[in-house]
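Visitor: just coords:
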């Protein structure tokens, strides 16, 4: 099957890029819930899935709304107002989603979900239930994405800046043709080949919103809701290396400033970890690790995120830059 999105000069002029936290929520949940062993995200999913199960998110609203394949409810991916919207802004849009739009999405999902009673309650009173959906998304974010967001965001923003340069140097047509193997530009039309969904101009508004995603691979995903611009989420450049352990030649220089123990903790935080885990891995006492983490957090080099009874620490983008200049 092939779908085509025609472009006028005005549509090209209104084509833009955006990084969307909610696209990462829905695509990552699909992986952790339905394909936890899938490369290249298996290492991440192995860490995250036990947290999701303990929190009951494997049988909540996200489980009811996000299937293992096929259609994703459009109201979960509101149109980003700018290039780098916050999760809070997108959750506000979800809470305010028009009831008729939510019901239309549920009609499309009908017969595919394992929890019809839950979806029935959403259908009966969207304004009352959507805040519960948003609250669950916030919980999922804290457990599954917030501890890793610095490295995810770095990949997404790098993709946007790279493609913006390509547009300036080579034009939009070339960039659109290089998004994915199933996407090509052909005589004023963006064509999606081997696709089982349509993307046509009469289903959406003008322009095009291009959204890089770490978790979308191996597909491109679309959203077409009039009068919003159509959205196309595609695999970001470099997504395959986002979970790889990082080595650095700058460690000795950083250690000369921060000290060996704190530098060791920063390098260990390639993946988020608790105080107990860090103490075991680094051969330090839990009390000593805690003191170092407080200092690193005060310096803006680590962040803390609650996961059940534990607190997971993650390296910030500032720390990444120190270790990987």
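Guide: In hand now; what should we look at? Bear in mind that the values here come from a model prediction, so they are computed numbers and not experimental data. Numbers count the residues shown, from 1 in each chain.
Visitor: wait, isn't residue 15 in contact with residue 172?
Guide: Yes: counting by C-beta atoms under 8 Å, residue 15 touches residue 172, with 6.2 Å between them. Where C-beta positions appear, they are placed from N, C-alpha and C, glycine not excepted.
Visitor: Does the residue of the chain most remote from its centre lie in a helix or a strand, and which?
Guide: Ranking residues of the chain by C-alpha distance from their mean position (C-alpha atoms, centre = their mean) puts residue 256 at the top, at 35.5 Å. If you go by DSSP states H and E, residue 256 is part of helix 251-258.
Visitor: Please enumerate residues in contact with that helix?
Guide: Residues outside helix 251-258 that contact it (C-beta atoms under 8 Å, 6 or more residues apart in numbering): 263, 266-267, 322-323.
Visitor: Need the max-distance pair from these.
Guide: With C-beta to C-beta as the measure, no two of these lie farther apart than 267 and 322, at 10.5 Å.
Visitor: and the next helix or strand after the helix holding residue 256, which residues are buried?
Guide: Where DSSP H and E defines the elements, the next helix or strand beyond helix 251-258 is helix 260-268. For helix 260-268, the neighbour count (16 or more other C-beta atoms under 10 Å) marks 261-268 as buried.
Visitor: any idea how far the helix holding residue 256 is from the chain center?
Guide: Remark: helix 251-258 is offset 32 Å from the chain centroid, using C-alpha atoms, centre = their mean, to the nearest Å.
Visitor: The stretch 51-200 of the chain: helices as residue ranges?
Guide: Using DSSP state H, counting those that start in this stretch, the helices assigned to the stretch 51-200 of the chain run over residues 61-65, 87-95, 99-109, 116-124, 126-140, 149-170, 172-177.
Visitor: The third one packs against which elements?
Guide: In this structure, helix 99-109 packs against helix 116-124, helix 126-140, with contacts taken as 3 or more C-beta pairs under 8 Å, 6 or more residues apart in numbering; DSSP states H and E.
Visitor: How about the shortest one?
Guide: Applying 3+ C-beta pairs under 8 Å, 6+ apart, one finds that helix 61-65 contacts helix 21-34, helix 116-124, helix 126-140.
Visitor: Dump those into TSV; add mean neighbour count as well.
Guide: Listed next are those as TSV, based on neighbours: other C-beta atoms under 10 Å:
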stretch	mean neighbour count
helix 21-34	23
helix 116-124	15
helix 126-140	17
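Visitor: nearest to residue 166, of those?
Guide: That would be, of the helices and strands packed on helix 61-65 and by C-beta to C-beta, helix 21-34, which comes in at 21.0 Å.
Visitor: residues in contact with the closest one?
Guide: Residues outside helix 21-34 that contact it (C-beta under 8 Å, 6+ apart): 38, 41, 44-45, 48-49, 52, 58, 62-63, 66-69, 72, 76-78, 85-87, 90-91, 94, 137, 140-141, 144-145, 152, 156, 211, 213-216, 221, 233.
Visitor: so of those, which ones are in strands?
Guide: Those of the contacts of helix 21-34 mapping onto strands are 211, 213, 221, 233, per DSSP state E.
Visitor: my guess is the last one contacts residue 217, does it?
Guide: No: contact between residue 233 and residue 217 fails when scored by C-beta under 8 Å: they sit 10.4 Å apart.
Visitor: More neighbours: which of these two?
Guide: The residue with more neighbours, out of residue 233 and residue 217, is residue 233; 25 against 19, by other C-beta atoms under 10 Å.
Visitor: Buried residues in stretch 88-102, which are they?
Guide: By 16+ other C-beta under 10 Å, the buried positions in stretch 88-102 come out as 90-91, 93-94, 97, 102.
Visitor: next one: stretch 218-230
Guide: Using 16+ other C-beta under 10 Å as the burial criterion, the residues of stretch 218-230 that qualify are 219-225, 228-230.
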